[in-house]
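Peer 1: Quick check, what structure comes out for this input:
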Amino acid sequence: MGSSILYQRLSMDDLKPDMLDRFNRHQVIAQCWLWVDGAWALRDTPHVRDWSINEKRHMAANDLPQVFGSGGAVFTAQDGVSLVGLSAVDGTLLDHGRYVTLVFCHVSNESRGQGIGRKLFAMAAAFAKGTGASRLYLSANPSRETQAFYHAMGCRRLAQAVQGPVTAEPGEIPMFLGL
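Peer 2: Next up is the predicted model:
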């Protein structure tokens, strides 16, 4: 890493409408894990994932405040003045207190591969454990890289999604980490 990364837990007062404007969610995806004929299979699915400015502003104005409203937490990584990563955990206990939800864990495209995601995920998992939940639930993009990251973090696939306040995007894979 060219410069040091500052990791912090945000407060509601830290939220700004334009805080994600320069965040680069761009991800080129070549292959995804799909459920085919009763088994997981890696298939070619070339496409690009990105956030529009409207999606970034919606997240800053709606999704992040909702996390705080649930008693959850938002963690960021900053390289100088630029936000290069963020993770968030919804504080709502699900399935009789077994789960809390990782709402997201993203690292800006130019900062990936430097351990930032690992640190943000660890911060989110530590917070989740402190809620009393025994599992951190997440619904993850099926891309080869995203799935490899969460498996490296110790996550395992679930047979079905856990119902809660965070809605999974179509095609995402339900996963959990034991706390």
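Peer 1: For the top strand by length along the chain, give the mean pLDDT please.
Peer 2: Counting by DSSP state E, the longest strand found in the chain is strand 82-94. On average, the pLDDT along strand 82-94 is 96.
Peer 1: quick check: angle from the following helix or strand past it to strand 82-94?
Peer 2: Beyond strand 82-94 in the direction of the C-terminus, DSSP states H and E gives the next helix or strand as strand 99-107. Going by axes from the mean of the first three to the mean of the last three CA atoms, to 10 degrees, strand 99-107 is angled at 170 degrees with respect to strand 82-94.
Peer 1: which secondary structure elements does strand 99-107 contact?
Peer 2: strand 82-94, helix 116-130, strand 135-140 (3 or more CB pairs under 8 Å, 6 or more residues apart in numbering; DSSP states H and E). No exception for glycine: its C-beta is placed from N, CA and C like everyone else's.
Peer 1: residues in contact with the nearest residue to H26 once chain neighbours are set aside?
Peer 2: Leaving aside its sequence neighbours, H26 sits nearest to N109 (CB to CB, 6 or more residues apart in numbering; 4.5 Å). Neighbouring residues of N109 by CB atoms under 8 Å, 6 or more residues apart in numbering: N24, R25, H26, Q27.
Peer 1: how does it look with 7 Å?
Peer 2: If you count contacts by CB atoms under 7 Å, 6 or more residues apart in numbering, N109 has them with N24, H26, Q27.
Peer 1: Of the residues you listed, which qualify as buried by neighbour count?
Peer 2: Taking 16 or more other CB atoms under 10 Å as the criterion, what is buried in the contacts of N109 is N24, Q27.
Peer 1: how about the contacts of N109 in CSV, adding distance to N54?
Peer 2: Below are the contacts of N109 laid out as CSV (distance: CB to CB, whole Å):
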residue, distance to N54
N24, 16
H26, 16
Q27, 18
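Peer 1: Out of the contacts of N109, which is nearest to W33?
Peer 2: The nearest member of those to W33, counting by CB to CB, is Q27 at 15.0 Å.
Peer 1: any idea how far D14 is from that closest one?
Peer 2: Plainly put, Q27 is 26 Å away from D14 if you go by CB to CB, to the nearest Å.
Peer 1: okay, now the nearest residue to M12 once chain neighbours are set aside: neighbour count?
Peer 2: In space, and not counting its chain neighbours, M12 is closest to F68: 4.7 Å by CB to CB, 6+ apart. Close neighbours of F68, defined as other CB atoms under 10 Å, add up to 19.
Peer 1: could you check the distance from F68 over to D14?
Peer 2: 10 Å.
Peer 1: Identify the residue spatially nearest to G85, adjacent ones excluded.
Peer 2: Nearest non-adjacent residue to G85 (CB to CB, 6+ apart): A77, at 3.6 Å.
Peer 1: Let's test this: mean pLDDT of whichever strand or helix holds the one you found, rounded?
Peer 2: Taking DSSP H and E as the definition, one finds A77 inside strand 73-79. The pLDDT scores in strand 73-79 average 97.
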